[in-house]
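[1] the amino acid sequence is not available; the structure is as follows:
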Ligand code: UFG
């Protein structure tokens, strides 16, 4: 074994893919999850893929005593990857306290667990939302961070600031914050993927559920943006590529290759696609015609977001391997397999 890694939120979408990549890279993995937005069955799926079912602790990290106990039990850990958080932008606007309580308390309890048990390394799951409406494109890590549009986004920004403060005074600790652009896609096996609860907010799950007949019609939120077809541009990134970047970040910390105690990296492809590009690619990859129509802009949406990928390439040696077609075909495979298994239950 290369080392022991705690993955908080390891049953979730990006967490589960990262657990697979860590196991494949030779790490021992312990998953902390309260299953509030995920299923324990995912651990069996991870075993199907890797041959190993990670150790599982069902705990609510926002609860101080549960977190303390769990970190004490696994004090011989080399690094933590922190995914455990609520992530629905719209819900966070309606329920800010719930978001701040869950996302901040669970992070603070995790950091306290690190301090109490001398666990020196943490990788934090951040988001391009910390850039707000960017002043220049592509977005580099030097772009100014701004007050995000949503409480969800603000939990990411504040969390980064906490990590920066902590690593400043505690030179034995190192943190890497990974700022994701738009993660989509699923593991090639079709065994793990995104399983949004309720009606999805994000584009890809909405598209795949429309194509599967679960939803009737896709609304395209705004076609009067200053882009080639009027719809917003995003930098979609395959979740398997993201997962691999986390393993590289862990290796970097464990091998003392980081250049400072607090580092941030964008994770994107550097390529922007409009909403209509995504729809066209979905239709050409799957042969399914989507039922969609134009609608009003959605509050808080930015016209164009895409990453500068130079820093991740030069420092981490990481570049996205998969393109939009792969992302879409894997998401569609996952959606179909999911519907089949749900029908069987
Ligand atoms: N969209 C539609 N119809 C839908 C859903 C989305 O037209 O039903 C459009 C949106 O308006 C946007 C694009 O598809 O133009 C992408 O929207 P997503 O909701 O999939 O993604 P966002 O870029 O809004 O959100 C992502 C992450 C958030 C993060 C945010 C800002 O999901 O976690 O980027 O970085 F906060």
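    Thanks, I have the structure now. All figures in this text were calculated on a predicted structure; none of them were measured in a lab.

[2] the ligand contacts on this protein?
    Within the chain, the residues that sit near the ligand (CB under 6 Å from any ligand atom) are 87, 89, 127-129, 153, 182, 201-203, 206, 218-221, 232, 234, 275, 298, 301. (Each C-beta comes from the backbone N, C-alpha and C, glycine too.)

[3] my read: residue 254 touches residue 122, true?
    No: Residue 254 lies out of contact with residue 122 (CB atoms under 8 Å); the separation is 12.0 Å.

[4] now the buried members of the residues of the chain next to the ligand.
    Those of those that meet the buried threshold are 87, 89, 127-129, 153, 182, 203, 206, 218, 220-221, 232, 234, 275, 301, by 16 or more other CB atoms under 10 Å.

[5] which ones among these are found in helices?
    Those of those mapping onto helices are 89, 153, 203, 206, 275, per DSSP state H.

[6] wait, isn't residue 77 in contact with residue 118?
    No: with contact defined as CB under 8 Å, residue 77 does not reach residue 118; the gap is 9.7 Å.

[7] more neighbours, those two?
    residue 77 (21 against 11; other CB atoms under 10 Å).

[8] pretty sure the more buried one belongs to a helix, no?
    No: Residue 77 is assigned coil when assessed by DSSP: H, G, I helix; E, B strand; the rest coil, not a helix.

[9] can you give me the strands for the stretch 101-250 of the chain?
    All strands of the stretch 101-250 of the chain, identified by DSSP state E, counting those that start in this stretch, fall at 121-127, 174-180, 182-184, 218-221, 233-234, 236-238.

[10] so which of those strands is the most packed in?
    strand 236-238 (a mean of 27; mean count of other CB atoms under 10 Å).

[11] who does that strand pair up with?
    Its sheet considered, strand 236-238 pairs with strand 182-184 (parallel) by DSSP bridges.

[12] contacting residues around the partner strand?
    13-14, 128, 194, 202-204, 234-239, 242, 268, 305, 327-328, 331 (CB atoms under 8 Å, 6 or more residues apart in numbering).

[13] please redo it, this time with the cut-off set to 10 Å
    For strand 182-184, the external contacting residues (CB atoms under 10 Å, 6 or more residues apart in numbering) are 13-14, 17, 125, 127-128, 193-194, 202-205, 207-208, 234-243, 267-269, 272-273, 278, 305-307, 324, 327-328, 330-331.

[14] hmm, which of those are the buried ones?
    Using 16+ other CB under 10 Å, the buried ones in these are 13-14, 17, 125, 127-128, 193-194, 203-205, 207-208, 234-243, 267-269, 272-273, 278, 305-307, 324, 327-328, 330-331.

[15] and residue 101, how many neighbours?
    Count around residue 101 with other CB under 10 Å applied: 14.

[16] between the ones in helices among the buried ones among the residues of the chain next to the ligand, which sits nearest residue 111?
    residue 153 (20.2 Å; CB to CB).

[17] these two touch, right, that closest one and residue 160?
    No: checked against CB atoms under 10 Å, the pair residue 153 and residue 160 is beyond contact range at 11.2 Å.

[18] now do the shared contacts for those two.
    In contact with both residue 153 and residue 160: 126-127, 130, using CB under 10 Å, 6+ apart.

[19] next up, the contacts around the nearest residue in space to residue 11 that is not next to it in sequence.
    Spatial nearest neighbour of residue 11, excluding adjacent residues (CB to CB, 6 or more residues apart in numbering): residue 38 at 3.8 Å. Contact analysis of residue 38 by CB under 10 Å, 6+ apart lists 9-13, 15-16, 31, 83-84, 195, 197.

[20] that's a helix at residue 38, yeah?
    No: under three-state DSSP, residue 38 sits outside any helix and is assigned coil.

[21] tell me the pLDDT of it.
    On pLDDT, residue 38 comes in at 93.

[22] for residue 195, same thing?
    pLDDT at residue 195 comes out at 88.

[23] before we move on, back to that, most surrounded residue in the contacts of residue 38?
    Of all the contacts of residue 38, residue 16 has the most neighbours under the rule other CB under 10 Å, reaching 32 neighbours.
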